[in-house]
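Visitor: structure of the sequence below:
(one chain, ligands or ions: 1)
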Amino acid sequence: MLTDSRTTTFDVTDQFPAGWREDIRAAAAKAEFRDFPRTPFLSREAADVTHVNRGRVHAIQVQQRLPWLYKLYRHRFLELASLAWGEPIEPALDDRYGIVLNVQRGNRMRFECHVDSNPVTGLLFFTDHPAGGGELVIARDPAAVGADEVERDCTLVAPRAGHLIFFDGKAYPHYARTLVAEDDLRIAAVMNFYTRSCPEESTRPVGLNQHLFGAS
Ligand SMILES: [Fe+2]
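Guide: Prediction:
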């Protein structure tokens, strides 16, 4: 376990099954790549940004195609989250958003600058990027708006395959930088976790599910 003021990191490579790289790449190849509109309530993009181009493997597909990852989310990673936070942690009960994959292909995609609705976020990297880019950028200022402001005073996390980090994405705006190499691929699992003081049912904005899934 490695901690700094903003993140706690675990190397969980030994939890992965044989053939995990192929599994992850096959799932990522089926990601939905498109311009995603800014997320209501949670976006911290600058006012002129209406869409961000990126890829997403939805929660239901993660469950079906990567059952070992779904199981880790609900068991072993839960234990690590509790260790990192020093209190009991719960996974999402709603399987539409508990664990998803974010995918960036080439050097034009990035991930939206936003805050999370859940109090604890787990981010598990599946790729390395020797050419650079793809860093998770976490603002130190909770009021930062837009990637430029976040960059001004931030914690940087470079992706390392097998590294699982926990951080407070509810308080601190964050985004993922574009990759440098045009043939590079970044794959990361994003996991929602909850605490007793900030449980799932009370912290998720009303209307967010409607926006994302067309249903409450
Ligand atoms: Fe987030």
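
Visitor: element containing the residue nearest to residue 147 when sequence neighbours are not counted?
Guide: Spatial nearest neighbour of residue 147, chain neighbours left out: residue 113 (5.2 Å); criterion: CB to CB, 6 or more residues apart in numbering. All C-beta spots, glycine's among them, are computed from the backbone N, C-alpha and C. Assigned by DSSP states H and E, residue 113 falls within strand 111-114.

Visitor: need the next SSE after that strand, C-terminal direction.
Guide: strand 120-125.

Visitor: let me see the mean pLDDT of the helix or strand just after that following strand.
Guide: Downstream of strand 120-125, the first helix or strand assigned by DSSP H and E is strand 136-139. Taken as a whole, strand 136-139 carries a mean pLDDT of 96.

Visitor: could I have the CA atoms of strand 136-139 written out in CSV?
Guide: Provided in CSV are the C-alpha atoms of strand 136-139 (Å, rounded to 0.1, in the frame of the first residue of the first chain):
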residue,chain,number,x,y,z
LEU,A,136,-5.0,10.9,-14.2
VAL,A,137,-5.0,14.6,-13.1
ILE,A,138,-6.6,15.3,-9.7
ALA,A,139,-7.1,19.0,-8.7
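
Visitor: does that strand reach the ion?
Guide: No - using CB under 5 Å from the ion, strand 136-139 stays clear of the ion, with a minimum separation of 9.0 Å.

Visitor: so which bits of the next helix or strand after that strand are buried?
Guide: Downstream of strand 136-139, the next assigned helix or strand under DSSP H and E is helix 147-152. With burial defined by 16 or more other CB atoms under 10 Å, the residues of helix 147-152 counted as buried are 147, 149-150.

Visitor: from the residues you listed, which is closest to residue 107?
Guide: Taking CB to CB as the measure, residue 147 is the one of the buried residues of helix 147-152 closest to residue 107, at 15.3 Å.

Visitor: now for the residue most central in space within the chain: which residues touch it?
Guide: Centrality entry for the chain: nearest residue to the mean C-alpha point is residue 190, 3.1 Å, by CA atoms, centre = their mean. The contact partners of residue 190, by CB atoms under 8 Å, 6 or more residues apart in numbering, come to 99-102, 121-123.

Visitor: if we go to 7 Å?
Guide: 100, 102, 121, 123 (CB atoms under 7 Å, 6 or more residues apart in numbering).

Visitor: repeat that for residue 18.
Guide: Counted by CB under 7 Å, 6+ apart, residue 18 has zero contacts.

Visitor: so it versus the ion, what's the distance?
Guide: 30 Å (CB to the ion, to the nearest Å).

Visitor: SS state for that residue?
Guide: Secondary structure for residue 18, judged by DSSP: H, G, I helix; E, B strand; the rest coil, is coil.

Visitor: pLDDT score assigned to the residue nearest to the centre of the chain?
Guide: Taking residue 190 on its own, its pLDDT is 97.

Visitor: partners of the strand or helix carrying it in the sheet?
Guide: Secondary structure assignment for residue 190, by DSSP H and E: strand 185-195. With DSSP bridges as the test, strand 185-195 is paired with strand 89-91 (antiparallel), strand 99-105 (antiparallel), strand 120-125 (antiparallel).

Visitor: which stretches of this protein have low pLDDT?
Guide: Residues of the chain meeting the criterion pLDDT under 70: 1-5, 206, 215-216.

Visitor: quick one: name the residues of it near the ion.
Guide: Counting by CB under 5 Å from the ion, the residues of the chain close to the ion are 116, 169.

Visitor: right, I'll call it a day here.
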